[in-house]
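> structure for the following, please:
(one chain, ligands or ions: 2)
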Amino acid sequence: MSTPVKVAVTGAAGQIGYSLLFRIASGELLGKDTPVELRLLEITPALKALEGVVMELDDCAFPALAGVQIGDDPDVVFDGANVALLVGARPRTKGMERGDLLEANGAIFTAQGRALNDHAADDVRITVTGNPANTNALIAMSNAPDIPTERFSALTRLDHNRAIAQLAAKVGAPVTDIRRMTIWGNHSATQYPDLFHAEVGGRNAAEAVGDQSWLENTFIPTVAKRGAAIIEARGSSSAASAASATIDHTRDWLLGSAQDDWVSMAVRSDGSYGVAEGLISSFPVTTAGGGYEIVQGLEIDDFSRARIDASVAELAEERDAVTKLGLIG
Ligand SMILES: NC(=O)C1=CN([C@@H]2O[C@H](COP(=O)(O)OP(=O)(O)OC[C@H]3O[C@@H](n4cnc5c(N)ncnc54)[C@H](O)[C@@H]3O)[C@@H](O)[C@H]2O)C=CC1
Ligand SMILES: O=C([O-])CC(=O)C(=O)O
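Ligands and ions are numbered 1, 2, ... in the order given. Reported below is the predicted structural model:
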């Protein structure tokens with residue numbers, strides 16, 4: 001058997017962790033033939049619960065699971081990590097926006113950015129799921145000067161998957177018919193799910209829908225506010241779907257995404273589409289060989305421009321707020 005890939009997961013005893021760990025261990029992240037060593041980080045009071053989760057992982061006798069280590073010290077848990085899934089953070093509750101978590105969760109990502117910088121493997125790739133995900137990724141990246149900036153990403157794949165599901169239901173097509181969905185901007189209520197470049201069975205999705213009012217007044221708010229709707233219905237924030245999207249995002253990044261399609265990832269802006277350089281903003285990207293490229297050359301009309309700009313403005317505000325808090329230099 002080859003050397004196990006070390007996959008670190010933070011917040012491993014939480015709701016998302018409870019779904020995510022089992023899917024990684026069963027081979028859904030890296031394939032059933034790639035051995036995985038899990039490195040699980042929690043805060044000290046949650047270690048006992050985490051021990052219980054590890055007992056359950058043992059009890060699954062997953063063939064690809066080569067080992068599990070747990071701990072509360074990121075310097076130890078991240079040692080040699082090839083992949084880091086930063087999930088651990090306080091989730092929002094009813095009535096909060098994700099941005100309300102900036103201060104509470106920001107401190108976590110300074111410490112974890114530093115620990116990754118000093119201890120992770122040279123090829124580490126980092127996915128931030130913990131909210132506010134884009135700005136937490138920015139904080140981690142800013143505190144890890146030795147890790148190339150393109151190794152940091154934040155999760156907007158859940159929004160992307162939600163947008164696919166809503167569109168598929170509207171046009172009565174299977175989700176497999178939908179390609180080239182894009183989420184632009186922040187993983188927040190300002191995000192812009194874009195139907196003008198998406199396709200249904202090869203046809204432009206906005207044309208296939210043929211209903212600008214639905215697109216504007218139903219589709220965009222439904223996708224953008226889906227997280228709040230789940231909290232309202234379930235009493236706690238989305239977990240299994242967030243774990244599933246974390247797998248989709250990271251698997252596609254590591255192993256490559258489908259030809260003739262693209263995925264949405266929040267990555268460091270290089271200035272593409274007028275998004276201020278340095279912000280972690282969601283773009284359409286293609287992935288191959290463990291890297292990504294922002295899809296270039298899409299025409300952005302005034303409707304889309306205004307929505308992208310609004311979400312990017314919010315990201316700039318979040319960046320300014322965490323700069324004031326001293327979380328980034
Ligand atoms: N980007 C996205 O699409 C989504 C993001 N989320 C976010 O993911 C995060 C986790 O959500 P849940 O698992 O539901 O929350 P949870 O509260 O069930 O679990 C979070 C876990 O993180 C742990 N934790 C807190 N501080 C930590 C630290 N410094 N190091 C390691 N672990 C730490 C907690 O002890 C807890 O076990 C939240 O911020 C939530 O808002 C949730 C859904 C979707
Ligand atoms: O809405 C929340 O707080 C959790 C989340 O990020 C989502 O479900 O998209």
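
> going forward, measure contacts between C-alpha atoms and count neighbours the same way
Fine.

> state the helix or strand in which residue 222 lies.
helix 220-224 (DSSP states H and E).

> list of residues touching that helix?
Applying Cα atoms under 8 Å, 6 or more residues apart in numbering, the contact partners of helix 220-224 are 159, 162, 163, 166, 188, 189, 190, 191, 192, 193.

> want to throw those residues into a markdown table with distance to ligand 1 and pLDDT?
Listed next are the contacts of helix 220-224 as a markdown table, based on distance: Cα to the nearest ligand atom, whole Å; pLDDT from 0 to 100:
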| residue | distance to ligand 1 | pLDDT |
| --- | --- | --- |
| 159 | 7 | 98 |
| 162 | 10 | 99 |
| 163 | 13 | 99 |
| 166 | 16 | 98 |
| 188 | 9 | 97 |
| 189 | 12 | 97 |
| 190 | 14 | 98 |
| 191 | 12 | 98 |
| 192 | 14 | 98 |
| 193 | 14 | 98 |
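
> returning to that earlier point: tell me the mean pLDDT over the helix holding residue 222?
The pLDDT scores in helix 220-224 average 98.

> residues from the protein in reach of ligand 1?
10-11, 13-17, 41-43, 46, 87-92, 108, 129-131, 133, 155-156, 158, 237-239, 242 (Cα under 6 Å from any ligand atom).

> next, the closest residue to ligand 2 within the stretch 1-150 of the chain: secondary structure please.
Closest to ligand 2 within the stretch 1-150 of the chain is residue 92: 4.9 Å, counting by Cα to the nearest ligand atom. Secondary structure, DSSP: H, G, I helix; E, B strand; the rest coil: residue 92 is coil.

> which of the residues of the chain next to ligand 1 count as buried?
For the residues of the chain next to ligand 1, a neighbour count by 16 or more other Cα atoms under 10 Å gives the buried set as 10-11, 13-17, 41-43, 46, 87-89, 91-92, 108, 129-131, 133, 155-156, 158, 237-239, 242.

> in contact with the most centrally placed residue in the chain, which residues?
For the chain, the residue sitting closest to the mean C-alpha position, by Cα atoms, centre = their mean, is residue 155 at 1.4 Å. Listed by Cα under 8 Å, 6+ apart, the contact set of residue 155 reads 127, 128, 129, 133, 134, 187, 245, 246, 249, 265, 266.

> tell me how far it lies from residue 205.
According to Cα to Cα, to the nearest Å, residue 155 and residue 205 sit 23 Å apart.

> could I get stretch 287-304 in CSV with only the CA atoms?
The C-alpha trace of stretch 287-304 is given here as CSV (Å, rounded to 0.1, in the frame of the first residue of the first chain):
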residue,chain,number,x,y,z
THR,A,287,-9.3,22.0,-11.7
ALA,A,288,-6.6,19.6,-12.8
GLY,A,289,-3.4,18.1,-11.3
GLY,A,290,-4.1,19.5,-7.9
GLY,A,291,-4.4,23.1,-9.1
TYR,A,292,-7.2,25.4,-10.3
GLU,A,293,-7.6,28.0,-12.9
ILE,A,294,-10.2,30.8,-12.9
VAL,A,295,-12.3,30.5,-16.1
GLN,A,296,-11.5,33.5,-18.2
GLY,A,297,-13.4,35.4,-20.8
LEU,A,298,-17.0,35.2,-19.6
GLU,A,299,-19.1,38.2,-20.6
ILE,A,300,-20.6,39.9,-17.6
ASP,A,301,-23.7,42.0,-18.3
ASP,A,302,-24.9,44.9,-16.1
PHE,A,303,-27.3,42.7,-14.0
SER,A,304,-24.5,40.3,-13.1
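
> now do the buried residues in that stretch.
Buried residues in stretch 287-304, defined by neighbour count with 16+ other Cα under 10 Å: 287, 291, 292, 294, 304.

> what's the closest of the residues you listed to residue 228?
Of all the buried residues of stretch 287-304, residue 228 sits closest to residue 304, with 23.3 Å by Cα to Cα.

> alright, calling it a day.
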